[in-house]
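coords please:
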Amino acid sequence: FGPETKGLQAALEVTPGEPYKLRFHIRNVSDTGIGIEGAQYRQADECIMEDARGQRIEVVNARRDIKTGMKSGYFSKGQIAVLESAGLSFLPIDKAPASASYIAKAGPGRYSLRFRIHLPGADVPFAPESHVWKGDLETAPVTVEVKDSSAGAPSPSPAPDDSISLEQAVNDFNKRYYHGFAAAAGQAPLTVEAVVAAIRWAMIDRSKLSVTNETFAALGRILETHTLPKPFELELLTGYQPNDEATFDVWSVRLRIPGTVIPGGTTCIMIHEEQLGSHVIGEEERKVIHAWQEKQKTMGSLEMAQEAGKYQQDRAAAAAIDAKNKSAAADPVSAIELKVVRQQLEKTLTDLQEAQIDLSIQQSEKNASHPAVQKLQAKLQALEEQAARLRAQIQEGAARP
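Next comes the predicted model:
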């Protein structure tokens with residue numbers, strides 16, 4: 001990862017080939033949550049390439065006419081957002097593939113490659129939310145070696161329609177996300193079976209899946225071939241802040257799919273989501289949030305980027321004051337806290353109902369000793385225990401004066 005800027009760091013992932021495939025990893029290293037938004041497929045960042053002597057290599061930014069959706073999320077400390085990027089080609093600009101928007105004027109050799117990422121960026125499909133992080137991040141340098149730019153380095157043979165196998169997509173997802181945070185959250189690795197089941201479940205009621213007929217047919221082909229078209233992407237969200245009352249830590253695995261009924265839009269199929277925790281926003285922290293929202297109305301984008309770090313620090317300090325005040329006063333459960341617990345109970349009951357349905361399906365197809373049945377039975381028991389704890393919290397809070 002490159003240097004820290006206002007709580008974030010960026011890293012560049014490079015896959016050799018022609019073109020070289022690029023992907024950015026944005027990590028929150030602050031003590032507070034940060035909202036990150038950007039184009040789902042990036043083309044407008046600054047590519048910085050140097051040769052072995054440290055001399056700058058010219059890289060032309062040949063942006064393609066590609067419609068893309070928006071990728072956004074609220075990321076807690078240690079969590080990582082992954083952003084796809086257009087590729088890097090060493091072929092002449094008239095021979096470079098359409099998937100490459102960065103054209104390097106260089107021959108065979110070894111080069112140092114890094115990017116300066118502009119967030120949210122000039123290529124976002126619509127205006128970003130006012131509260132998200134704004135500014136520039138620089139990745140750490142990555143060494144790339146070009147052996148023959150005249151013909152291009154050999155690329156791996158792609159699956160039909162530039163797809164990758166579903167197994168490979170799941171393996172890549174697990175490598176990116178199932179590290180220390182996943183273990184701490186008690187999450188098992190994603191499986192191909194879980195992705196297939198989620199797609200099959202979503203396709204049962206066509207009217208509820210807001211995609212074009214072409215995309216619906218593509219989903220059917222994923223089930224038949226177990227290959228994932230490039231615009232389709234497995235993603236992870238780890239936090240929500242729906243309002244100024246609470247933030248939620250979640251483990252939400254989705255399949256992001258293009259081709260919605262709205263041009264350029266995307267939607268998702270939920271594969272797995274679990275509530276991990278929540279934070280009630282106190283009065284002092286809420287004051288900081290409201291003051292920042294008012295301040296944003298008169299600030300330019302550059303000033304907002306410069307002040308974003310201070311806002312996060314002020315918010316963290318205010319949250320600490322709220323926690324101290326609550327501890328000193330030993331207040332009973334507040335109305336907002338009860339509301340948050342009720343929301344968690346509602347979500348848990350929904351998960352419980354879905355687990356009961358899944359278990360009934362599995363029991364009709366497999367015997368009681370099958371691992372899939374036993375796993376669902378354990379999940380059902382855990383959800384029932386969680387629902388009981390939440391009901392007890394609600395009863396205890398409601399009984400207090």
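
so Ser278 touches Leu345, yeah?
No. Ser278 is beyond contact range of Leu345, at 11.7 Å (criterion: Cβ atoms under 8 Å). Every C-beta, even on glycine, is put in place using the N, C-alpha and C of the backbone.

What separation is there between the spatially closest residue to Glu84 that is not a sequence neighbour and Lys230?
Of all residues not flanking Glu84 in the chain, Tyr41 sits nearest, at 5.2 Å (Cβ to Cβ, 6 or more residues apart in numbering). Taking Cβ to Cβ, to the nearest Å as the measure, Tyr41 falls 10 Å from Lys230.

now swap in Thr139 and tell me
Separation of Thr139 from Lys230 (Cβ to Cβ): 22 Å.

now Ser207
Remark: distance between Ser207 and Lys230 (Cβ to Cβ) = 27 Å.

With neighbour numbers in mind, choose between the two.
Lys230 (16 against 5; other Cβ atoms under 10 Å).

And the pLDDT at the more buried one?
Note on Lys230: pLDDT of 77.

And for Ala184?
Reported pLDDT for Ala184: 55.

Centre of the chain to stretch 366-377, how far?
31 Å (Cα atoms, centre = their mean, to the nearest Å).

got the buried residues for that stretch?
Ala372, Val373, Leu376 (16 or more other Cβ atoms under 10 Å).

So which of these are in helices?
Of the buried residues of stretch 366-377, the ones assigned to helices by DSSP state H are Ala372, Val373, Leu376.

wait, doesn't the last one sit right on Leu359?
Yes. Taking contact to mean Cβ under 8 Å, the distance of 4.4 Å between Leu376 and Leu359 places them in contact.

what about the helices in the stretch 301-401 of the chain?
Assigned by DSSP state H, counting those that start in this stretch, the helices in the stretch 301-401 of the chain fall at 301-329, 335-365, 371-399.

Turn those helices into a markdown table, columns for mean pLDDT and distance to Val82.
As requested, the helices of the stretch 301-401 of the chain are exported to a markdown table (pLDDT from 0 to 100; distance: least, Cβ to Cβ, whole Å):
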| stretch | mean pLDDT | distance to Val82 |
| --- | --- | --- |
| helix 301-329 | 75 | 21 |
| helix 335-365 | 76 | 25 |
| helix 371-399 | 77 | 27 |
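
Any stretches of the stretch 51-200 of the chain with poor pLDDT?
The model of the stretch 51-200 of the chain has pLDDT under 70 over residues 66-70, 123-130, 148-162, 178-185.

still on that earlier bit, closest to Tyr311 out of the ones in helices among the buried residues of stretch 366-377?
Leu376 (43.7 Å; Cβ to Cβ).

show me the contacts for the closest residue to Asn28 other than its chain neighbours.
Of all residues not flanking Asn28 in the chain, Phe75 sits nearest, at 4.6 Å (Cβ to Cβ, 6+ apart). Going by Cβ atoms under 8 Å, 6 or more residues apart in numbering, Phe75 touches Ile26, Asn28, Gly33, Ile34, Gly35, Ile36, Ala81, Thr238, Gly239.
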